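Peer 1: Give me a 3D structure for the following:
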Amino acid sequence: MRRTRLMALACAALSIVALTAVAASQAKSSKPAAVNYKVGLVTDIGGLNDRGFNHLAYVGLQRAAAQLGVQVKVLTSTGANDYVPNLSSLAKDGYNLIIGVGFLQEQAIQQVAKAFPNTKFAGVDMNAETDFQGGISKNFEGLIFAENEVGYEVGYLAGLEAKRLGKTAVSSVGGIPVPPVVRYIAGFQAGAKAAFPGVKTLNGYSQDFVAQDKCKNVALSQLAQGSAVVFQVAGGCGLGALDAAKEKGAWGIGVDADQYYVNNRVLTSAQKKVDVAVYTSILNQVKRNVFAGGSNLLFNAKNGGVGLGKINAGVPAAEVAKTKAVAWQVHQGKVMVPTTCANKGC
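Peer 2: Below is the predicted model:
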């Protein structure tokens with residue numbers, strides 16, 4: 001009897017060793033083999049620590065390195081004069097795909113893509129079909145988003161909250177009025193008015209995507225005019241608007257990333273999944289041999305490319321339910337959201 005128990009324990013121990021060896025082998029083999037494909041990323045002026053737009057692009061790049069085995073490199077732009085040198089440097093170094101982050105790189109990527117016709121380029125927030133005066137070469141792919149759709153969703157919640165709190169206005173702080181920023185704000189204003197037809201929508205621009213004090217000053221002016229909710233659409237600069245909202249006991253709305261962690265007065269965030277777009281562009285070429293040259297990949301509510309972030313726990317459950325119902329209608333294409341503001345409101 002004792003001998004039988006000892007033999008059983010020995011077999012069990014061997015089984016555990018064998019399973020551990022298999023698990024270790026599987027874990028080791030789960031890392032993708034390096035592929036002969038190089039991807040370069042050129043940031044916008046906000047840099048990788050903007051807690052939003054550029055950071056998300058970097059997250060997508062790192063995911064591609066980890067899951068697809070591609071070689072990656074990031075060049076940071078501190079000003080507009082860095083765009084062409086950064087893009088050109090990667091092209092000269094033989095990078096297969098070069099991704100420019102942000103509409104402000106439009107002219108630079110148009111110039112460099114033409115100069116390096118055998119290199120593929122992708123541009124976050126650059127529409128290959130409409131944004132390039134004189135057109136864009138076929139070695140360029142646009143990565144674009146339906147910002148107006150998620151702007152509508154957060155705007156609807158902002159309108160509900162303004163009405164509940166007895167306020168008469170909501171507001172937005174844009175960085176520079178480039179098309180993606182305008183689409184966010186157009187959707188926001190339409191959503192707010194859908195929830196609260198009598199609400200006043202204020203808007204202002206800092207003309208900057210980095211300096212937080214500039215956005216904070218714009219937001220403080222809006223809050224002084226009675227805004228209940230401030231939607232920041234200005235990258236790193238917009239963190240100043242969120243700070244102003246907290247300082248005055250109002251709500252703030254984050255942008256691009258889910259910025260619920262910034263402070264406890266973030267109502268929700270308008271997520272634009274730049275990380276998914278960057279990863280998808282790389283995946284398409286490495287695994288599927290697909291490239292939308294001269295065209296775009298569109299990321300919208302229907303395919304999960306944009307969407308609501310976490311909603312603050314201080315929001316009544318009934319408002320959360322209403323907002324999610326509206327978001328589902330947007331997802332289903334049952335709400336036609338404008339891409340420009342009424343009465344030149346943005």
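Peer 1: Show the pLDDT at the one residue sitting closest to the centre of the chain.
Peer 2: Closest residue to the average C-alpha location of the chain: K272 at 3.2 Å, with CA atoms, centre = their mean. On pLDDT, K272 comes in at 97.
Peer 1: now it: how far from L75?
Peer 2: The gap separating K272 from L75 is 22 Å, by CB to CB, to the nearest Å. C-beta here means a position set from N, CA and C on the backbone, and glycine is covered the same way.
Peer 1: next one: G345
Peer 2: G345 sits 37 Å away from L75 when distances are taken as CB to CB.
Peer 1: What of P316?
Peer 2: Counting by CB to CB - P316 and L75 are separated by 46 Å.
Peer 1: Give me the more crowded residue out of those two.
Peer 2: Comparing P316 with L75 by other CB atoms under 10 Å, the one with more neighbours is L75, at 16 against 11.
Peer 1: partner residues bridging that one?
Peer 2: Under the criterion DSSP bridges, L75 forms beta bridges with V42.
Peer 1: Can you show me the strands along the stretch 101-250 of the chain?
Peer 2: Using DSSP state E, counting those that start in this stretch, the strands of the stretch 101-250 of the chain run over 120-124, 140-145, 169-174, 200-205, 227-233.
Peer 1: Assign the residue nearest to G123 when sequence neighbours are not counted to helix, strand or coil.
Peer 2: Spatial nearest neighbour of G123, excluding adjacent residues (CB to CB, 6 or more residues apart in numbering): G100 at 4.8 Å. Recorded secondary structure, G100: strand (DSSP: H, G, I helix; E, B strand; the rest coil).
Peer 1: surely the residue nearest to the centre of the chain meets D256?
Peer 2: Yes: using CB atoms under 8 Å, K272 is in contact with D256, at 4.8 Å.
Peer 1: separation between the residue nearest to G123 and T323?
Peer 2: Note on G100: its distance to T323, by CB to CB, is 34 Å.
Peer 1: Looking at those two, which is more packed in?
Peer 2: Shown here are G100 and T323; by other CB under 10 Å, G100 has more neighbours (32 against 25).
Peer 1: pretty sure that one is in contact with V42, am I right?
Peer 2: Yes: contact criterion CB under 8 Å: G100 and V42 qualify, at 5.0 Å.
Peer 1: quick one: what helix or strand has R51 in it?
Peer 2: Here R51 is covered by no helix or strand, with elements defined by DSSP states H and E.
Peer 1: which residues touch I109?
Peer 2: I109 makes contact with Y83, L87, G100, F121, G123, M126, F140, according to CB atoms under 8 Å, 6 or more residues apart in numbering.
Peer 1: Mind giving me the PyMOL command for buried ones among these?
Peer 2: Filtering the contacts of I109 down to the buried ones (16 or more other CB atoms under 10 Å) takes a single PyMOL command:
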select buried, resi 83+87+100+121+123+126+140
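Peer 1: want to throw the contacts of I109 into TSV with pLDDT?
Peer 2: Compiled in TSV, these are given as follows (pLDDT from 0 to 100):
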residue	pLDDT
Y83	98
L87	98
G100	98
F121	98
G123	98
M126	97
F140	98
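Peer 1: Out of the contacts of I109, flag the one nearest to F196.
Peer 2: Nearest to F196 among the contacts of I109: M126, at 34.4 Å, using CB to CB.
Peer 1: so what's the backbone phi/psi at that closest one?
Peer 2: The phi/psi pair for M126 (degrees, to the nearest 10) reads phi -120, psi 120.
Peer 1: Verify the stated contact: it with A113.
Peer 2: No: if you go by CB under 8 Å, M126 and A113 don't touch, sitting 10.4 Å apart.
Peer 1: Mutual contacts of these two, please.
Peer 2: By CB under 8 Å, 6+ apart, the residues touching both M126 and A113 are F140.
Peer 1: list residues touching both of G100 and V42?
Peer 2: Common neighbours of G100 and V42 (CB under 8 Å, 6+ apart) are Y83, L87.
Peer 1: what residues go with each domain of this protein?
Peer 2: Domain ranges of the chain: 38-145+275-299, 147-271+316-344, per automatic domain parsing.
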